[in-house]
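Trainee: I'd like to go over a predicted model; first the sequence, then the structure.
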Amino acid sequence: FNFPGHTPYLKSMFGVNDVVMMLCAGNFRVALVTEHIPVGEITKHISKEKILSKLNIIHQSLRKDFGIDKPRIAVLGLNPHAGDEGLIGNEEETIIKPAIKEAKNNNMLVIGPFSADAFFARRNFERFDAVLAMYHDQGLIPFKALASGDGVNYTAGLPSVRTSPDHGVAFDIAGKDKADPSSFLTSIYECIDIIRKRKEYEENRQNPLRKMTPSILANAKDEIIEEG
């Protein structure tokens, strides 16, 4: 198995250019730029293009899968204090801020970069529809601490709807009647909700009007004249 997790495996299996690992608990959603990679390799996997790709997928997913017409997305910095204007690393200045600026130019409501510790401690995530974290533990530690066991792992960007519990398989307690089914049940309900939202999204964007040909326009004009 040549994949570090199921997210890149699903990306390969479905043949899509990119996907996003997004953890959801109600209106609290945390997405990741990088997933299961060593901490020492995170920096070289952070680029403007990769952040923009993730933001595009998140933006479309929030609209199509969650029914949010004008989603608000927060972006976290990579370094402590979001780099402190270049004093603690320069990725925020050279990579993250340019990506945010371009996303705004593409009509996305994206704000940041935020210092991750203060962002979660002050519950600023409640002001946004999704949060984009730079790496696994930056986003998932606060998410799992705050989601209280009801989190769902959702793979955004796939043609199919795919959800799972936000925890691992827990082989250590398998068959011992100790497992908590909360996240598993929530992931099923979330899957059903997303399927419904996708259907609503498609239905709301169908055009029921007939094509207005010149003959139809002419007939309409004659009817208006006759009715005075």
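Mentor: Done, it's in. Predicted model, so just to flag it, every value in this text is computed and none were measured. Numbers count the residues shown, from 1 in each chain.
Trainee: can you pull out the helices in this protein?
Mentor: 6-14, 48-64, 91, 97-105, 116-121, 136-147, 182-204, 214-226 (DSSP state H).
Trainee: So which residue is dead centre in this structure?
Mentor: The centre of the chain sits closest to Ile58, judged by Cα atoms, centre = their mean, with a distance of 3.4 Å.
Trainee: surely that residue meets Leu32?
Mentor: No: look at Ile58 against Leu32 with Cβ atoms under 8 Å: they stay out of range, at 10.3 Å. (Each C-beta comes from the backbone N, C-alpha and C, glycine too.)
Trainee: number of nearby residues for Ile88?
Mentor: 15 (other Cβ atoms under 10 Å).
Trainee: should've said Gly5
Mentor: Around Gly5 there are 14 residues (other Cβ under 10 Å).
Trainee: Give me the spatial nearest neighbour of it, chain neighbours excluded.
Mentor: His36 (4.5 Å; Cβ to Cβ, 6 or more residues apart in numbering).
Trainee: so that neighbour touches Tyr9, yeah?
Mentor: No: taking contacts as Cβ under 8 Å, His36 lies outside contact range of Tyr9: 11.0 Å.
Trainee: the bottom helix or strand of this protein by mean pLDDT?
Mentor: Lowest by mean pLDDT, DSSP states H and E among the helices and strands of the chain is helix 214-226, with a mean of 58.
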